[in-house]
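Colleague: Please find the sequence and the predicted model below.
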Amino acid sequence: MPELPEVETVRRGLQPVMEGATVEKLVLNRPDLRFPFPKDLNERLQGQKIISLGRRAKYLLIEFEDGASLISHLGMSGSYRIEPDLRFASKERTGEDFHFPRSKNPAHDHVVFHLQSANHGQRQVIYNDPRRFGFLLLCGAGELADHPSLKDLGIEPTGNSLSGSVLASLFRDKRVSLKAALLDQRLIAGLGNIYVCEALWRAGLSPLRAAGEVAENPQLAESLATSVREVIAEAIVAGGSSLRDHRQADGTLGYFQHSFAVYDREGEPCRRCGAIVQRIVQNGRSTFFCAACSA
């Protein structure tokens, strides 16, 4: 499932084309994804100008001029791509012209935004989702902060929001493992399995250690907070990690997976101490770490 860096990469790819554009038409090629599409969604968005394209945790937020917002989640295999609007294209489409390898099968193109903008002319933004586990939900003006998908989310692990003192306050007295605490979206929003494994390795902390122990040590808390911020920032710059279905909005791959220190490297040497990277299962999910250099 795409994590925060992948979603932020998609947002940045879509932003230049979508922000300021007007929705000429919205085509829904099926009645639902994970959830049914909102009733009369095309009619409600047609003619609306897109004011901003934001992100909260792993959700894309598309805000319209009437104050309404679309909440988009990519699920397991969802992706967006940008193409010229073929209704206005000056030449016929060919596989060489507009094909992006990330669109595996046009049968999975479930949503098509037909957009008009001053800077980019007519464009299509297409949502493709083979497993149909993603969703689009419409939120009315002023309702976004209280939406069930967003209202209980924790702080963002970007910028300076996550400091050692903040992390310590979040983890204080918690007996769950560091891995479980970092994945708790009510505490820190947007972290997933890949980047938690990488951040813990950078901080030299065992995923099995109790979160409350780190909260009691300001130096460890600061080290972990710094590692989380750095891993997320570097992954965004690299365009995310192209595992399975993730691609950027222009169809290109992310490259952070080439920097993995422990994730998916079971049996390989640790890049810090040379010991063997191990894999264990925590709460049904794989955890990759080096037991030799993680305290």
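Modeller: Arrived safely, thanks for sending.
Colleague: Run through the strands of the protein in chain order.
Modeller: Applying DSSP state E to the chain gives strands spanning 22-28, 50-56, 59-64, 69-73, 79-84, 109-117, 121-128, 135-139, 278-282, 285-289.
Colleague: Could you provide those in a markdown table, with additional columns for mean pLDDT, mean neighbour count and distance to residue 218?
Modeller: Glycine gets a C-beta too; all of them are placed from N, C-alpha and C. Output for the strands of the chain, formatted as a markdown table (pLDDT from 0 to 100; neighbours: other CB atoms under 10 Å; distance: least, CB to CB, whole Å):
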| stretch | mean pLDDT | mean neighbour count | distance to residue 218 |
| --- | --- | --- | --- |
| strand 22-28 | 96 | 17 | 50 |
| strand 50-56 | 97 | 18 | 29 |
| strand 59-64 | 97 | 22 | 32 |
| strand 69-73 | 97 | 22 | 36 |
| strand 79-84 | 88 | 22 | 41 |
| strand 109-117 | 96 | 20 | 47 |
| strand 121-128 | 93 | 20 | 44 |
| strand 135-139 | 96 | 20 | 39 |
| strand 278-282 | 96 | 14 | 26 |
| strand 285-289 | 95 | 19 | 23 |
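Colleague: Which one of these lies nearest to residue 233?
Modeller: Residue 233 lies closest, by CB to CB, to one member of the strands of the chain: strand 50-56, at 14.3 Å.
Colleague: Run through the residues that contact residue 224.
Modeller: Neighbour list for residue 224: 164, 167, 178, 199, 200, 203, 205, 214 [criterion: CB atoms under 8 Å, 6 or more residues apart in numbering].
Colleague: 10 Å instead, please
Modeller: Applying CB atoms under 10 Å, 6 or more residues apart in numbering, we find residue 224 in contact with 162, 164, 167-168, 171, 178, 182, 199-200, 202-205, 211, 214-215, 217.
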